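Peer 1: Sequence and predicted structure below; questions after.
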Amino acid sequence: MDSVRAAPKPLRKAVLPVAGFGTRVLPATKAIPKEMLTVFDRPALQYVVDEALAAGIEHLVFVTGRNKGAIEDYFDRAPELEASLQAKGKTAQLKELEISVRPAGAMSFVRQQGALGLGHAVWCARDIVGDEPFAVMLPDMLMMAQPSCLAQMAAVYEKVGGNVIAVEPTDTPEQYGVIAPESRDGRVIKMKGMVEKPKREEAPSNLFISGRYILQPEIFELLSSQKPGAGGEIQLTDSMARLMELQPFHALEYEGRTYDCGDKIGYLRANVAFALANSEYGEKAAEMLKKTLTEWER
């Protein structure tokens, strides 16, 4: 009789590392967390949270740092503002406020006390995540997809278990970490390795790792013993490579598009894309952009 693979544990938690300084978008981030910079009509971080909730995530773990209190405040209630809007009959604005509020106990905030790398940031969430699979969502990367990128990954995870990462084709693999494929079934790829910023002619694929991961809790033990890697920091990919020797890894070439908000031009591109995609303002945004480009061409 063929053995039946046990169903994977449910995916309930997501870790969002938000402790970085945002130096590539200074001076905007001198006093404002980079994750709170607006992408069209809401903070960039709100898009990531929306993506997580659309995938069925029940608990969000934010790994914060100094001067990140605005993130906690944003996801809290604002009684004075709500009362003012209510008194003025501004029900539409009041409803918009509700998108940022989560039920009590549905979010946790832990402090990363030093810039020791992404791997260390994820390790800081170990006690809250516990012994269950979890997602890691890099807030610099905004995914425009339907269903959401993480929802697509969660569907794959339910079928294959193990560890799943999102990938997307790129023309510049030398700028990213890319995967080494072993085999492929549609958009799902069994992995045999990862390479960080390879020379273009030596890249094992053109599929870059785009900032969304579903990982098993065994990664925490590996992170606890991980030696510093690139930049003298604890790198998540180094521990992922070790975990790959013990557990299966699959990549999903998800259906959608990634917007890297790590620098000023990336933020500008994301603003344009999400404005154009907005159901209420998209047409007006397109008209405004065309007019502005025409004015600059004169």
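Peer 2: Cool, the structure landed. Residues are numbered from 1 along each chain as shown.
Peer 1: And the contacts of stretch 93-113?
Peer 2: Defining contact as CB atoms under 8 Å, 6 or more residues apart in numbering, one finds that stretch 93-113 is touched by 17, 19, 42, 46, 50, 58-65, 71-72, 74-78, 81-82, 85-86, 120-121, 124-125, 128. All C-beta atoms are positioned from the backbone trio N, CA, C, and that covers glycine.
Peer 1: centre of the chain versus it, how much separation?
Peer 2: Centre-to-centre, stretch 93-113 and its host chain are 16 Å apart (CA atoms, centre = their mean, to the nearest Å).
Peer 1: likewise stretch 181-193?
Peer 2: For stretch 181-193, the distance to the chain centre is 22 Å (CA atoms, centre = their mean).
Peer 1: What subset of the contacts of stretch 93-113 is buried?
Peer 2: Neighbour-count burial (16 or more other CB atoms under 10 Å) is assigned, among the contacts of stretch 93-113, to 17, 19, 42, 46, 59-65, 71, 74-75, 85, 120-121, 124-125.
Peer 1: Quick one: mark the members of those residues that sit in strands.
Peer 2: Among the buried ones among the contacts of stretch 93-113, the members falling in strands (DSSP state E) are 17, 42, 59-64.
Peer 1: Turn those residues into a markdown table, including distance to Val272 and pLDDT.
Peer 2: Output for those, formatted as a markdown table (distance: CB to CB, whole Å; pLDDT from 0 to 100):
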| residue | distance to Val272 | pLDDT |
| --- | --- | --- |
| Pro17 | 26 | 94 |
| Arg42 | 15 | 90 |
| His59 | 33 | 96 |
| Leu60 | 28 | 96 |
| Val61 | 31 | 96 |
| Phe62 | 27 | 95 |
| Val63 | 29 | 94 |
| Thr64 | 29 | 90 |
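Peer 1: Take the residues you listed and write them to CSV, including distance to Leu268.
Peer 2: Output for those, formatted as CSV (distance: CB to CB, whole Å):
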residue, distance to Leu268
Pro17, 23
Arg42, 16
His59, 33
Leu60, 27
Val61, 30
Phe62, 26
Val63, 27
Thr64, 26
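Peer 1: and of the residues you listed, the nearest to Glu253?
Peer 2: Pro17 (23.7 Å; CB to CB).
Peer 1: Alright, calling it a day.
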